[in-house]
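# Return a 3D structure for these sequence lines:
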Amino acid sequence: MAHGVLSFPLTAFHDDGSLDPDGFRAHVAARLSAAPGGVFPACGTGEFFSLDEDEYRQVVAITVEEAAGRVPVVAGTGYGWAQAARFARVAEEAGADALLVLPHYLVAAPQDGLAAQLEQLAGRTRLPLVAYQRGQVAYTAATVRRIARVPNVIGLKDGHSDLDRLQRLTLAAPEGFLFFNGAATAEIQARAYATVGVPAYSSAVHAFAPEIAGAFFRALRAGDHDTTGKLLRDFYVPLVELRDRVPGYAVSLVKAAARLRGERVGPVRAPLTDPSPADLAELKALLTTGLDLVGALL
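Coordinates of the predicted model:
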């Protein structure tokens, strides 16, 4: 999965909020045509928190069908371990290759509890698990050593961007344990993450502009600092500044950008809200800038 951008597709809804399976299938097919390193349906960008089990089953099954074994399909799961195990069974039946374990709901917990949460889930699924530390979930080196001993816990995705802490975790983990950069708009920090041995990252931009995400990925791997710097300055940093204006824009801006490009992904579900007309106009101009930058690089 380090050989391509990790793609987190959007879950498509009709205007009335119901699931749009055909729109989702077309969206996933377009993502796969851009050769990602893996595809992660029904995760944060895919609004996992708003899906019921039947919708989740359809989203994962469609992704598996479209991927057809070309890249790993890593489905999201979460809440408490009992609910996570229910979604894990659905994902397993739908043919997913692994699970990304999203942070649990609401409560803060000690390290023993964080480890036990994964152990309880791991004992109820045959699928490999990637833990996601973000929000109230943050592992210590001792906890990483503990969860890495669970046979089907294979890696950790980091969304805290504390590189000192992350370096300690990578050093504590056994050889072969996977680490992923899961920061919001991960390209902003991709160069820094790579310095501590975490080159693989997720890309929300891949959900609406795989051309931009791919150009950045290739430049990063080639050590082309001029290109990565220009894309960061002129596209990614302004995108993050726009994203940070309103809670939930990390998803709703991505979905709006996909709609601007003609993709049938529909609106976000509450409690998220779609961008205001003014923010949508700014997003449209920024998208044009990013695509023009990539066009000039070709």
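# Contacts only, for Leu32.
By Cβ atoms under 8 Å, 6 or more residues apart in numbering, the residues touching Leu32 are 7, 39, 66-67, 70-71. (C-beta placed from N, C-alpha, C; glycine too.)
# what about Gly76, which SS state?
strand (DSSP: H, G, I helix; E, B strand; the rest coil).
# what sits against it?
Neighbours of Gly76 in contact, by Cβ under 8 Å, 6+ apart: 40-44, 46, 48, 87, 99-100, 102.
# same check, this time on Leu102
Contacts of Leu102 by Cβ under 8 Å, 6+ apart are 43-44, 48, 76-78, 132.
# Let's have these in a markdown table, adding pLDDT and distance to Ala190.
A markdown table is the format used below for the contacts of Leu102 (pLDDT from 0 to 100; distance: Cβ to Cβ, whole Å):
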| residue | pLDDT | distance to Ala190 |
| --- | --- | --- |
| Cys43 | 97 | 18 |
| Gly44 | 95 | 18 |
| Phe48 | 98 | 24 |
| Gly76 | 98 | 22 |
| Thr77 | 98 | 26 |
| Gly78 | 96 | 25 |
| Tyr132 | 98 | 17 |
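# okay, the contacts of Leu32 in CSV with neighbour count next?
What follows is the contacts of Leu32, written out as CSV (neighbours: other Cβ atoms under 10 Å):
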residue, neighbour count
Ser7, 27
Val39, 26
Glu66, 22
Ala67, 22
Arg70, 11
Val71, 20
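# mind checking how far Phe13 is from Val59?
Counting by Cβ to Cβ, to the nearest Å, the separation of Phe13 from Val59 is 11 Å.
# Take the contacts of Gly76 and keep only those in helices.
Phe87 (DSSP state H).
# want to try JSON lines for the contacts of Gly76, with distance to Asp164 as columns?
Below are the contacts of Gly76 laid out as JSON lines (distance: Cβ to Cβ, whole Å):
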{"residue": "Phe40", "distance to Asp164": "27"}
{"residue": "Pro41", "distance to Asp164": "33"}
{"residue": "Ala42", "distance to Asp164": "32"}
{"residue": "Cys43", "distance to Asp164": "26"}
{"residue": "Gly44", "distance to Asp164": "25"}
{"residue": "Gly46", "distance to Asp164": "31"}
{"residue": "Phe48", "distance to Asp164": "30"}
{"residue": "Phe87", "distance to Asp164": "33"}
{"residue": "Leu99", "distance to Asp164": "28"}
{"residue": "Leu100", "distance to Asp164": "24"}
{"residue": "Leu102", "distance to Asp164": "24"}
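# Who wins on neighbours among the contacts of Leu102?
Using other Cβ atoms under 10 Å as the neighbour test, the contacts of Leu102 are led by Thr77, with 30 neighbours.
# quick one, what contacts that one?
48, 84, 87-88, 91, 99-102, 121.
# how about 10 Å then?
42-43, 48, 56, 60, 83-91, 96, 99-102, 121, 125, 127, 129, 132 (Cβ atoms under 10 Å, 6 or more residues apart in numbering).
# Show the buried residues in those residues.
42-43, 48, 56, 60, 84-85, 87-91, 96, 99-102, 121, 125, 127, 129, 132 (16 or more other Cβ atoms under 10 Å).
# Where do the helices of the stretch 151-298 of the chain begin and end?
Under the criterion DSSP state H, counting those that start in this stretch, the stretch 151-298 of the chain contains helices at 163-172, 190-195, 210-222, 225-231, 237-243, 249-260, 277-297.
# Return the most buried member of those.
With neighbours defined by mean count of other Cβ atoms under 10 Å, none of the helices of the stretch 151-298 of the chain is more surrounded on average than helix 249-260, at a mean of 22.
# which other helices and strands contact it?
Helix 249-260 sits against helix 237-243, helix 277-297, with contacts defined as 3 or more Cβ pairs under 10 Å, 6 or more residues apart in numbering; DSSP states H and E.
# could those helices be laid out in TSV, adding distance to Gly23 and mean pLDDT?
Putting those into TSV (distance: least, Cβ to Cβ, whole Å; pLDDT from 0 to 100) gives the following:
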stretch	distance to Gly23	mean pLDDT
helix 237-243	23	97
helix 277-297	19	96
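# who wins for proximity to Pro110 among those?
helix 237-243 (31.9 Å; Cβ to Cβ).
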